[in-house]
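>>> just coords:
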């Protein structure tokens with residue numbers, strides 16, 4: 001593991017400790033405190049750590065905010081692309097280019113309107129102070145749609161510098177199985193939006209070449225596995241059947257042919273049940289649903305007994321879930337902070353070794369988990 005820079009090591013010191021709750025939380029492996037960094041965010045969706053210690057936080061309404069020295073700057077970042085707030089859509093994820101220190105490129109996923117409705121788009125721009133410059137749209141979901149749900153969308157760069165974009169089915173389940181539709185899939189691109197020549201459907205008649213997978217319902221968590229370098233995602237099931245999946249080229253994850261969930265309200269079966277030939281199985285399922293959003297592998301030194309574990313936020317059950325792994329198997333689950341922070345929208349492992357959580361309230365907070373004394 002590379003040693004963190006002095007700026008990264010200074011991050012914790014730059015963010016003052018303001019306890020949300022006085023008591024220490026005792027997990028199965030560590031005692032920790034929940035420390036408030038900043039409050040007053042409006043439905044935040046994601047965050048990213050800048051190398052100078054500042055934080056970028058997206059707000060669904062279309063604002064990219066800066067947290068500096070533990071304070072939320074009054075003015076949002078200027079120069080963002082045109083963003084449409086529509087149902088669950090708005091400004092979604094933020095990610096830094098792997099060579100951000102050289103090129104200052106920031107990537108955003110968001111909902112945008114086009115001639116055929118609203119869909120997920122991705123743009124990039126150079127961060128200059130508190131402004132994005134030279135903004136370019138590098139991906140536009142096609143076709144778009146008129147429904148207000150299931151936009152995805154997380155952004156992850158792999159070790160080769162390729163960009164993965166997770167998308168939802170836009171509330172029209174059968175789109176997830178269509179080869180000529182971006183909906184319900186993982187998208188894989190070069191950092192400038194070009195299609196990699198080794199994408200699984202390149203040159204296949206009738207297929208969108210940007211597609212890397214199909215059969216995904218609504219993926220709102222994604223992270224690279226620290227050992228394998230493979231992309232892992234989780235997605236919302238219907239009524240039950242939230243999934244954790246390991247993403248592989250060309251795989252069909254089954255929605256809506258197979259699912260561990262049922263139709264809302266009436267409880268009837270969807271599709272063909274829980275398995276079908278040629279369709280991938282999840283490595284973990286939640287029944288009933290927890291409504292997962294945000295996820296991160298923990299690789300830091302502050303909580304050594306958590307190293308290698310996968311942390312997932314939950315909207316419906318308002319908690320943080322810790323998954324203990326053995327390779328690609330989940331061998332244990334621990335549920336933390338239930339009801340303490342509200343709906344947890346994003347989970348990030350900070351470069352300082354702490355875990356950072358965002359809730360998505362109208363007066364939301366950004367917090368970090370710190371080891372408690374003696375814990």
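Happy to help now that I have it. Since the model is a prediction, treat every value here as computed from it, not as a measurement.
>>> On the three-state scheme, the most centrally placed residue in the chain is what?
Centroid check for the chain by CA atoms, centre = their mean gives residue 221 as the closest residue, at 3.6 Å. On the three-state scheme (DSSP: H, G, I helix; E, B strand; the rest coil), residue 221 is labelled strand.
>>> Tell me the bridge partners for it.
Beta bridges link residue 221 to residue 234 when assigned by DSSP bridges.
>>> State the distance from it to residue 166.
Look at residue 221 and residue 166: by CB to CB, to the nearest Å, they are 8 Å apart. C-beta: built from backbone N, CA, C; applies to glycine.
>>> can you list residues touching both of those two?
Common contacts of residue 221 and residue 166, defined by CB atoms under 8 Å, 6 or more residues apart in numbering, comprise 154, 233, 235.
>>> give the contact list for the last one.
For residue 235, the set of contacting residues under the criterion of CB under 8 Å, 6+ apart consists of 166, 168, 216-221, 242-243, 245, 253, 255, 292.
>>> Just the buried ones from the residues you listed?
166, 168, 216-221, 242-243, 245, 253, 255, 292 (16 or more other CB atoms under 10 Å).
>>> Low-confidence ranges, the stretch 201-350 of the chain, go.
In the predicted model, the stretch 201-350 of the chain carries no residue with pLDDT under 70.
>>> doesn't residue 155 make contact with the residue nearest to the centre of the chain?
No: if you go by CB atoms under 8 Å, residue 221 and residue 155 don't touch, sitting 11.8 Å apart.
>>> Give the buried residues for stretch 123-139.
Residues of stretch 123-139 classed as buried by neighbour count (16+ other CB under 10 Å): 123-127, 130, 132, 138-139.
>>> Filter the residues you listed down to the ones in strands?
Within these, residues falling in strands by DSSP state E are 123-127, 132, 138-139.
>>> mind putting these in JSON lines, pLDDT and distance to residue 61 included?
As requested, those are exported to JSON lines (pLDDT from 0 to 100; distance: CB to CB, whole Å):
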{"residue": "123", "pLDDT": "98", "distance to residue 61": "17"}
{"residue": "124", "pLDDT": "98", "distance to residue 61": "21"}
{"residue": "125", "pLDDT": "98", "distance to residue 61": "19"}
{"residue": "126", "pLDDT": "98", "distance to residue 61": "23"}
{"residue": "127", "pLDDT": "98", "distance to residue 61": "20"}
{"residue": "132", "pLDDT": "98", "distance to residue 61": "17"}
{"residue": "138", "pLDDT": "98", "distance to residue 61": "23"}
{"residue": "139", "pLDDT": "98", "distance to residue 61": "22"}
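>>> Of all pairs in those, which one is the farthest apart?
Using CB to CB, the two most remote members of these are 127 and 139, lying 19.3 Å apart.
>>> got the residue ranges for the helices in the stretch 51-200 of the chain?
Counting by DSSP state H, counting those that start in this stretch, the stretch 51-200 of the chain has helices at residues 100-103.
>>> Quickly note the distance from residue 51 to residue 160.
Counting by CB to CB, the separation of residue 51 from residue 160 is 21 Å.
>>> Looking at these two, which is more packed in?
Set side by side, residue 51 and residue 160 show more neighbours around residue 51, with 14 against 9, by other CB atoms under 10 Å.
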